[in-house]
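*Asks:* Provided below are the primary sequence and the corresponding predicted coordinates.
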Amino acid sequence: MPPIDIHLVWFGSHERGIYGSANFVTTHSDLIDRSLAMLQMDCLGRPVDEIDDFVTLETWTYGRFGDNRMTWPNYLEAAATTRGIATLPISFYGLVSDNTNFNAVDLPNANLIYMNPYDIFEIHYDNHLHDPYDTMELASQVDEEFLQMAQVMLTAALQTGADAPRLRVTPEPDRRALFVGSHTEAVHMSAPSFTEFGMALAWEGFDVDTIPYGRPVTAADLENTDLVIVLPVHDYPCDGGDLTLYDEAWSEPEIEALEGYVADGGMLVLTNSAHRLKYLNYAYEDNEDWADANAVGDLWGVSYDGGPLIGTTAIAVAGHPLIGGVTTLRLATNNAIPFSAGEGVELARMAGRSVASLITAGAGEVLVLADLGLLGSASGEPRNLRFWQNIAAYARGR
């Protein structure tokens, strides 16, 4: 019997937008916290002539934070070598596959795939994947590689638990950050899509958890939490649908819980979004629920008042640790809902309006953001990396 529990998971809706794995990450915080690693078995293809494929282990390292070790792929590489299997560990900063969703919650992961990572046309063009020639006849020509991939998976399952290697490069968490997505139906507007913001939190010693869509946040959820990120209210009915079917909104008990958290000295990040966002800050249909953020913002004199603002770049305007070393911030395109706030420090402006402000609320603080996209990356480029690092360091040092 394996020395530890092994969870076998089949993710759905991969080609639609890796939705299944994103939903899994948001709904399994406890399991992720006690897991050693995640290994995904991905595609096996038969490359076209004159292209060599490799049994590849792809991962996203903390290289931008100063540590580019590939601990999990290298562990698997060593284990496979003892069985005469050659693997190729590769680091790639960007969306790869379902394993990518696990980066934001600091679970070491790898994508096991038979491919040539040096061929820019690889996977969907030069490897006979998702084309009319993707047949059993072609697959049988790479049956040895398929067996090797299966052996790597089995080795990972049986050996890793026995060895219990230290695979995380981040410090042991002594803080907790919580994404509250109780009323955020679009799964790409939750923690898994904010890859390097989550990594910045983990780098500062935060355990990153999520209250998933459909589960009301309670005062008990907020206990022993050092940073709370309140995600925008969003449900799928839109101008082209029936708005009367249901409507997401904050309940009075939830509002009281968030108010009590800040009053007790907590730091809360309040976000909003003019559109439904998909990974890489792509904006789609209008979010008719944007005004629901005011039910929470009203607690501290914050009022979102329409928009959206046109543009993608905000200018830093304050000498504050949260904006230290930052001159501009990148937003999702035309997605910011401008707001007004009372007492506080304005951190950034765009089109003459506030897009980031810090408000002191008794013993606590509220960081107000006009755009959820400030926590994500357009086209995979982490333009706001310093800002995310500042948030993590500031929340830790409070």
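*Replies:* Happy to help now that I have it.

*Asks:* Any figure for the gap between E259 and F146?
*Replies:* 56 Å (CB to CB, to the nearest Å). All C-beta atoms are positioned from the backbone trio N, CA, C, and that covers glycine.

*Asks:* Among the two, which residue is more densely surrounded?
*Replies:* E259 (19 against 15; other CB atoms under 10 Å).

*Asks:* so which helix or strand takes in N111?
*Replies:* For N111, the element it lies in under DSSP states H and E is strand 109-115.

*Asks:* Show me the contact partners of that strand.
*Replies:* 37-45, 53-60, 72-73, 76, 89, 96-100, 102-103, 122-123, 127, 142, 145-146, 149, 152-153 (CB atoms under 8 Å, 6 or more residues apart in numbering).

*Asks:* now stretch 67-77
*Replies:* Contacts for stretch 67-77 (CB under 8 Å, 6+ apart): 37, 39, 57-59, 61-62, 87, 89-91, 108-110, 112, 152, 155-156, 160, 163, 165-169.

*Asks:* one step back: from the contacts of strand 109-115, keep the buried residues only.
*Replies:* Buried members of the contacts of strand 109-115, counted by 16 or more other CB atoms under 10 Å: 37-40, 42-45, 53-60, 72-73, 76, 89, 96-100, 102-103, 122-123, 127, 142, 145, 149, 152-153.

*Asks:* Could you list which of those belong to helices?
*Replies:* W72, P73, L76, E145, M149, V152, M153 (DSSP state H).

*Asks:* which of these lies closest to L245?
*Replies:* Within these, the smallest distance to L245 is 42.3 Å, found for M153 (CB to CB).

*Asks:* Just the CA trace of the strand holding N111, in PDB.
*Replies:* Extracted C-alpha coordinates of strand 109-115, given in PDB (Å, rounded to 0.1, in the frame of the first residue of the first chain):
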ATOM      1  CA  ASN A 109       3.500  20.800  -9.600                       C
ATOM      2  CA  ALA A 110       4.700  19.500 -12.900                       C
ATOM      3  CA  ASN A 111       3.100  18.700 -16.300                       C
ATOM      4  CA  LEU A 112       4.300  15.400 -17.600                       C
ATOM      5  CA  ILE A 113       4.000  15.500 -21.400                       C
ATOM      6  CA  TYR A 114       5.700  14.000 -24.500                       C
ATOM      7  CA  MET A 115       6.700  17.000 -26.500                       C
END
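
*Asks:* what about the stretch 151-300 of the chain, any weak spots by pLDDT?
*Replies:* For the stretch 151-300 of the chain, the stretches with pLDDT under 70 are 238-241, 243.

*Asks:* ok, now with 80
*Replies:* 237-245 (pLDDT under 80).

*Asks:* now the helices: where do they sit in it?
*Replies:* 195-203, 219-222, 252-263, 294-297 (DSSP state H, counting those that start in this stretch).

*Asks:* Which of the ones you listed has the highest mean neighbour count?
*Replies:* Across the helices of the stretch 151-300 of the chain, the average number of neighbours (mean count of other CB atoms under 10 Å) peaks for helix 195-203, which reaches a mean of 27.

*Asks:* Could you tell me which other helices and strands it packs against?
*Replies:* Here helix 195-203 touches strand 206-211, helix 385-397, going by 3 or more CB pairs under 8 Å, 6 or more residues apart in numbering; DSSP states H and E.

*Asks:* Any chance of TSV for these, columns distance to D5 and mean neighbour count?
*Replies:* Formatted as TSV, these follow (distance: least, CB to CB, whole Å; neighbours: other CB atoms under 10 Å):
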stretch	distance to D5	mean neighbour count
strand 206-211	20	24
helix 385-397	31	20
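
*Asks:* which one of the ones you listed lies closest to A361?
*Replies:* helix 385-397 (15.0 Å).

*Asks:* For that closest one, which outside residues touch it?
*Replies:* Residues contacting helix 385-397 (CB under 8 Å, 6+ apart): 64-65, 175, 177, 196-197, 200-201, 203-206, 226-227, 267, 269, 321-326, 329, 367, 374-375, 382.

*Asks:* filter those to the buried ones?
*Replies:* When those are checked for burial by 16+ other CB under 10 Å, the buried set is 64-65, 175, 177, 196-197, 200-201, 203-206, 226-227, 267, 269, 322-323, 326, 329, 367, 374-375, 382.
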